[in-house]
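Undergrad: Any chance you can model this:
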Amino acid sequence: MTLGLKVLILGYGEMGHAMEFLIQAPHQVSIWQRHPPADAPPLNLQTAVAQSDVILFCLPVVAHVDALTMIQPHLKPTTLCASIAKGLHEDGCTAAQLFQNYLPEDQAIALIYGPMISEEIRANRYAFAQVGTTQKNYETIKQVFAQSKLLLQKSDDIIGISWSVILKNVYALVFGMADELQLGDNMRGYLAVAALRELDEIVIRMGGQRGSPYHLAGLGDLITTATSEDSHHHELGRRLARGESENIRGEGIHTLAMVKQYSLIDLTWFPLFKTIDDIVQQASSAQSTLDRFLQQSMQ
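TA: A predicted model of the protein is given here:
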């Protein structure tokens with residue numbers, strides 16, 4: 001008989017709702033929101049943290065530091081902290097790096113990354129993820145989602161899957177651009193190859209393992225984000241290709257800004273990445289900038 005775990009979900013946006021949907025009895029779920037609705041039952045965060053076996057960070061990375069600061073004094077040494085966040089903090093750190101910076105060295109952590117569209121999860125369709133963690137912690141995450149349609153694979157390359165899932169949001173933009181410009185299916189195939197080639201090299205430079213982006217957190221999530229008409233980043237790419245520049249916000253846009261602010265990578269080595277950034281900076285140039293990239297990349 002499976003023993004129930006006490007799971008605390010931090011954040012109750014779309015993915016917070018999706019995680020709640022996935023976690024079935026005998027597990028017990030508590031939910032914390034920074035700004036709960038007036039009719040929500042009150043939750044004592046200190047007590048909930050102290051009682052939790054697993055804490056799921058369903059918050060943007062930019063909100064992780066505040067959350068970690070609040071919960072760290074009340075954590076049990078055995079509590080597993082897991083994040084699904086796919087962006088960079090304002091200091092240029094990944095969720096994994098923030099866990100390492102703000103949690104005790106021996107605190108159990110995990111990253112859950114892959115094709116997990118919240119609407120499909122709540123429609124009881126399959127979702128898929130890599131779990132970056134140790135074998136022991138992986139077994140705990142498997143237990144949490146055992147009765148759900150979230151299918152998991154273990155990865156020991158936390159760096160690789162972190163950068164794969166973060167940077168794929170940048171590359172997803174160009175697929176929306178190409179679709180808006182009606183560049184066709186052939187273009188989509190070429191962009192997939194070019195994006196994965198660059199992703200693999202970036203992951204290696206960041207300290208990850210070669211080939212890591214070719215799995216669920218990279219290729220799998222890229223295809224989902226880059227081709228779904230419901231994808232926020234696909235729509236952003238379409239808007240940029242139409243020359244729109246107002247209210248262009250998303251994790252990929254923020255990632256571009258952080259990469260440049262902290263010189264995380266040399267954009268001159270990654271022409272597709274630079275092309276996307278050029279279009280973000282000057283949306284009206286989308287067609288000519290993509291044409292120039294294609295002519296140069298095939299020489």
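
Undergrad: Tell me the spacing between the residue nearest in space to the middle of the chain and residue 219.
TA: Central residue of the chain (Cα atoms, centre = their mean): residue 86, 2.1 Å from the mean position. Residue 86 is 15 Å from residue 219, where distance means Cβ to Cβ, to the nearest Å. For the C-beta atoms, the positions are set from N, CA and C on the backbone; glycine is no exception.

Undergrad: so is residue 104 in a helix, a strand, or just coil?
TA: Assigned with DSSP: H, G, I helix; E, B strand; the rest coil, residue 104 falls in the coil class.

Undergrad: What are the boundaries of the helices in the stretch 151-299 of the chain?
TA: Under the criterion DSSP state H, counting those that start in this stretch, helices of the stretch 151-299 of the chain are mapped to 158-180, 184-206, 221-227, 232-241, 251-261, 271-281, 286-297.

Undergrad: Can you give me the buried ones in the second one?
TA: The neighbour-count check on helix 184-206 (16 or more other Cβ atoms under 10 Å) flags 187-188, 190-192, 194-196, 198-200, 202-204, 206 as buried.

Undergrad: Of the residues you listed, which is the nearest to residue 255?
TA: residue 202 (11.6 Å; Cβ to Cβ).

Undergrad: give me every residue that touches the closest one.
TA: By Cβ atoms under 8 Å, 6 or more residues apart in numbering, the residues touching residue 202 are 163, 167, 265, 270, 273.

Undergrad: Now do the contacts for the first one.
TA: Right, residue 163. Contacts of residue 163 by Cβ under 8 Å, 6+ apart are 94, 199, 202, 203, 206, 208.

Undergrad: ok, 6 Å please
TA: Counting by Cβ atoms under 6 Å, 6 or more residues apart in numbering, residue 163 makes contact with 203, 206.

Undergrad: now it: how far from residue 177?
TA: 22 Å.

Undergrad: what do you get for the fourth one?
TA: Distance from residue 270 to residue 177, counting by Cβ to Cβ: 17 Å.

Undergrad: So which of those two has more stuff around it?
TA: residue 177 (28 against 23; other Cβ atoms under 10 Å).

Undergrad: residues in contact with the more buried one?
TA: 237, 240, 241, 286.

Undergrad: try it again with 7 Å
TA: By Cβ atoms under 7 Å, 6 or more residues apart in numbering, residue 177 lies in contact with 237, 240, 241, 279, 286, 290.

Undergrad: do residue 280 as well
TA: Neighbours of residue 280 in contact, by Cβ under 7 Å, 6+ apart: 240, 253, 256.

Undergrad: Compute the number of surrounding residues for the closest residue to the last one other than its chain neighbours.
TA: Read that as residue 256. Of all residues not flanking residue 256 in the chain, residue 277 sits nearest, at 5.3 Å (Cβ to Cβ, 6 or more residues apart in numbering). Applying other Cβ under 10 Å, we find 20 residues neighbouring residue 277.

Undergrad: do residue 96 as well
TA: Counted with other Cβ under 10 Å, residue 96 comes out at 20.

Undergrad: Same question for residue 219.
TA: Residues lying near residue 219 (other Cβ under 10 Å) number 19.

Undergrad: Looks like it contacts residue 213 (just checking).
TA: Yes: in this structure, residue 219 is within contact of residue 213 by Cβ atoms under 7 Å, at 6.4 Å.

Undergrad: Can you check which residues contact both of those two?
TA: With Cβ under 7 Å, 6+ apart, residue 219 and residue 213 have common neighbours residue 196.

Undergrad: so who does residue 142 touch?
TA: Here residue 142 is in contact with residue 152 (Cβ under 7 Å, 6+ apart).

Undergrad: how close does it sit to residue 95?
TA: On the measure of Cβ to Cβ, residue 142 and residue 95 end up 20 Å apart.

Undergrad: same deal with residue 255?
TA: The value you get for residue 255 to residue 95, if Cβ to Cβ is used, is 13 Å.

Undergrad: Next: residue 162.
TA: Distance from residue 162 to residue 95, by Cβ to Cβ: 7 Å.

Undergrad: And for residue 48?
TA: Taken as Cβ to Cβ, the span from residue 48 to residue 95 is 20 Å.

Undergrad: ok, these two, which is more surrounded?
TA: Higher neighbour count among residue 48 and residue 95: residue 95, with 29 against 19, using other Cβ under 10 Å.

Undergrad: Please verify my assumption that residue 68 contacts residue 104.
TA: No: contact criterion Cβ under 7 Å: residue 68 and residue 104 do not qualify, at 11.1 Å.

Undergrad: For these two, indicate the residue with more neighbours.
TA: Higher neighbour count among residue 68 and residue 104: residue 68, with 19 against 9, using other Cβ under 10 Å.
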